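Next one to model:
(one chain, ligands or ions: 1)
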Amino acid sequence: MSHWTDLKKDDLEKQYSPSRWSHRMSADDVIKAHVKALKEGTERARGLAQTLLNVPYGEGDGEKLDVYIPSTNSLDVPLVIYLHGGYWQFLSKEDSGFMAVPLVGKGVVVVAVGYDIAPKGNMDLMVSQVRRSVVSVVQQYSHISGLYLCGHSAGAHLAAMVLSTDWSEYSITPQIKGAFLVSGIYDLLPILSTYVNEPLKMTEEVAVRNSPSQLVPQLKLSSSSCHIIVAVAENDSPEFRKQSEEYYKTLEASGLDVTLEDVANTDHFSIIEQLVDGEYHLTKLLLETMGKS
Ligand SMILES: N[C@@H](CC(=O)c1ccccc1NC=O)C(=O)O
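Residues are numbered from 1 along each chain as shown. Here you go, the predicted structure:
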């Protein structure tokens, strides 16, 4: 496959249009079904778990998170923070509690983080918000047995930025035990000239300083003991698959504890939607990683 700089604008935009690569449905239908599945899953989770909704983690209106709490007497309670996807311009924490359905029953706390998507928010703000949300969760829940991160698509990018944080400017240094990066984007330069950047309005400088692929030395300093799972869908576009493969290889080459999971029979959307199901491969892997299988 040619390098992204050799692709014509139309081809590059197709590579970065996940809905056009699903084998299940048309582009419009797969997005509609995605939003519906996430909303329904989140409704189910809110019925099953005890919840704390709209907990502030900062001063801003958008700086709120939802907590899904298991009923358990165990002292071994891991917590997973979920960062939603949607190209930094769609979705919200209201669509992001679905993975609590199988996890709260196993004694795991799930936190769905809200952040200011574009055009209200810009890339620097979103990265700052998710970093501060993690600090706030650690401060609130100091008794948990382990902190884990999971992000999908743009949320996997934000999760990788959390792992790459220089925490010296923050009040504490979170110890993240594991991170699930699902169908993410780790190099923002290819999307600069595409429709994805229209609401984001990133300059090249902004894209470079917010690209996890450029921050691996910092990740190695901050997250050397984190087990990182880079997961990608079998039917993600070749460019998306390459983003995951290259980020995985760079992490591996710097000696990090990283696994590449190529998830069979999934596309960009089903790879995360299925986390509502306790029998799904990635759900089981998450539970195993957290010692809760
Ligand atoms: N234009 C994008 C849209 C997209 O990625 C998306 C749209 C709505 C909700 C979520 C989305 N993406 C990933 O979660 C696409 O082709 O799929």
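
what's the burial count for residue 79?
Residues near residue 79, counting by other CB atoms under 10 Å, number 24. Using the backbone N, CA and C atoms, a C-beta is placed for each residue, glycine as well.

Please disregard the earlier target; I meant residue 120.
Counted with other CB under 10 Å, residue 120 comes out at 14.

what about the strands in the stretch 1-150 of the chain?
50-56, 64-69, 78-83, 109-113, 146-152 (DSSP state E, counting those that start in this stretch).

ok, residue 39 - contacts?
By CB atoms under 8 Å, 6 or more residues apart in numbering, residue 39 lies in contact with 94, 95.

Within range of the ligand, give me the residues from the protein.
Contact residues, the chain versus the ligand (CB under 6 Å from any ligand atom): 17-20, 31, 34-35, 85-87, 90-91, 153.

Spatially nearest residue to residue 244, not counting backbone neighbours?
Spatial nearest neighbour of residue 244, chain neighbours left out: residue 232 (3.8 Å); criterion: CB to CB, 6 or more residues apart in numbering.

my guess is that neighbour is in a strand, correct?
Yes - with DSSP: H, G, I helix; E, B strand; the rest coil as the criterion, residue 232 is part of a strand.

what's it in contact with, if anything?
Neighbouring residues of residue 232 by CB under 8 Å, 6+ apart: 182, 183, 240, 241, 244, 245, 260, 261, 262, 263, 271.

now swap in residue 18 and tell me
By CB under 8 Å, 6+ apart, the residues touching residue 18 are 153, 183, 236, 237, 240, 267, 268, 269.

Any idea how many residues pack against the last one?
In this case it means residue 269. 28.

And it, how far from residue 292?
Using CB to CB, to the nearest Å, residue 269 is found at 26 Å from residue 292.

Just the buried residues out of the contacts of residue 232, in ChimeraX syntax.
Restricted to buried positions by 16 or more other CB atoms under 10 Å, the ChimeraX selection for the contacts of residue 232 reads:
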select :182,183,240,241,244,260,261,263,271
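
Turn the contacts of residue 232 into CSV, including secondary structure, pLDDT and distance to residue 79.
Below are the contacts of residue 232 laid out as CSV (DSSP: H, G, I helix; E, B strand; the rest coil; pLDDT from 0 to 100; distance: CB to CB, whole Å):
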residue, secondary structure, pLDDT, distance to residue 79
182, strand, 99, 18
183, coil, 98, 23
240, helix, 98, 28
241, helix, 98, 30
244, helix, 98, 25
245, helix, 98, 29
260, strand, 98, 25
261, strand, 98, 22
262, strand, 98, 27
263, strand, 98, 24
271, helix, 98, 22
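
Could you single out the nearest of the contacts of residue 232 to the ligand?
Of all those, residue 183 has the smallest distance to the ligand: 8.1 Å, by CB to the nearest ligand atom.
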